[in-house]
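Engineer: when you get a sec, could you give me coordinates for this:
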Amino acid sequence: DALRLFKKTQVELIQRKEDSGQLTLEETFARLSDLAELVLLSAIELARMNLQKIYGCPTYVNNQGHVMLAELAILGMGKFGGREMHYGSDLDLVFLFSRNGETEGRKVITNQEFFVRLVQKLIAYLTVPTRQGILYKIDTQLRPSGNQGALVSTIDAYAQYHRDQAKPWE
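Structural biologist: Residues are numbered from 1 along each chain as shown. So this is what the prediction gives:
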């Protein structure tokens, strides 16, 4: 609810500035996009902290044999990716993680499982209605193979898909 209240307050401020002529349409889109990014980053951090309490950090072994922290990349597509958010825009998102491996916590799971759970939790945080409404509608259909594809994939798998299978419009 705190994130929802923050977003609502910020949207109202942006709208007042736009209505009074203090912001151009392009500046409004940029501020709404910045707000969406801030809310998204805050929500993913909350989700990550909750999961790491149980599973620890996701890791992998690099080509030199060093244990590295696996990371998540969130690609903004559509109006969000183009920094052209409107007041009612959804977030078109693609989720990628660095490499396969496993977590280092009390309960060990694969990085794939960790990041799927992380993204599911993120989507729930953003979309579950509360007294303050929802934060954003989320669209994940732009991922490889659309709704039939994995919710989260490795960067290498994403690159291979685009090399070998993607349609020209993708």
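Engineer: please name every helix or strand in contact with the longest helix belonging to the chain.
Structural biologist: The residue-count maximum for a helix in the chain (DSSP state H) belongs to helix 25-55. If contacts are counted by 3 or more C-beta pairs under 8 Å, 6 or more residues apart in numbering; DSSP states H and E, helix 25-55 sits against helix 2-19, strand 72-77, helix 78-81, helix 111-127. C-beta: built from backbone N, CA, C; applies to glycine.
Engineer: avg pLDDT for that helix?
Structural biologist: Helix 25-55 carries an average pLDDT of 96.
Engineer: can you find the helix or strand in this structure with the smallest mean pLDDT?
Structural biologist: In the chain, the helix or strand scored least confidently by mean pLDDT, DSSP states H and E is helix 155-164, which has a mean of 83.
Engineer: what are the buried residues along that one?
Structural biologist: Using 16 or more other C-beta atoms under 10 Å as the test for burial, helix 155-164 gives 157-158, 161.
Engineer: give me the distance from that helix to the chain's centre.
Structural biologist: The chain centroid and the centroid of helix 155-164 are separated by 19 Å, computed with C-alpha atoms, centre = their mean, to the nearest Å.
Engineer: so where's this protein uncertain?
Structural biologist: Along the chain, the parts satisfying pLDDT under 70 run over 144-149, 169-170.
Engineer: apply 90 and report the result again.
Structural biologist: The chain contains residues with pLDDT under 90 at 1-2, 130-133, 139-151, 154-170.
Engineer: secondary structure element for M68?
Structural biologist: Under the criterion of DSSP states H and E, M68 resides in strand 67-69.
Engineer: which neighbouring elements make contact with that strand?
Structural biologist: strand 58-61.
Engineer: return the distance of the strand it packs on from the chain's centre.
Structural biologist: Chain-centre distance of strand 58-61: 20 Å, with C-alpha atoms, centre = their mean.
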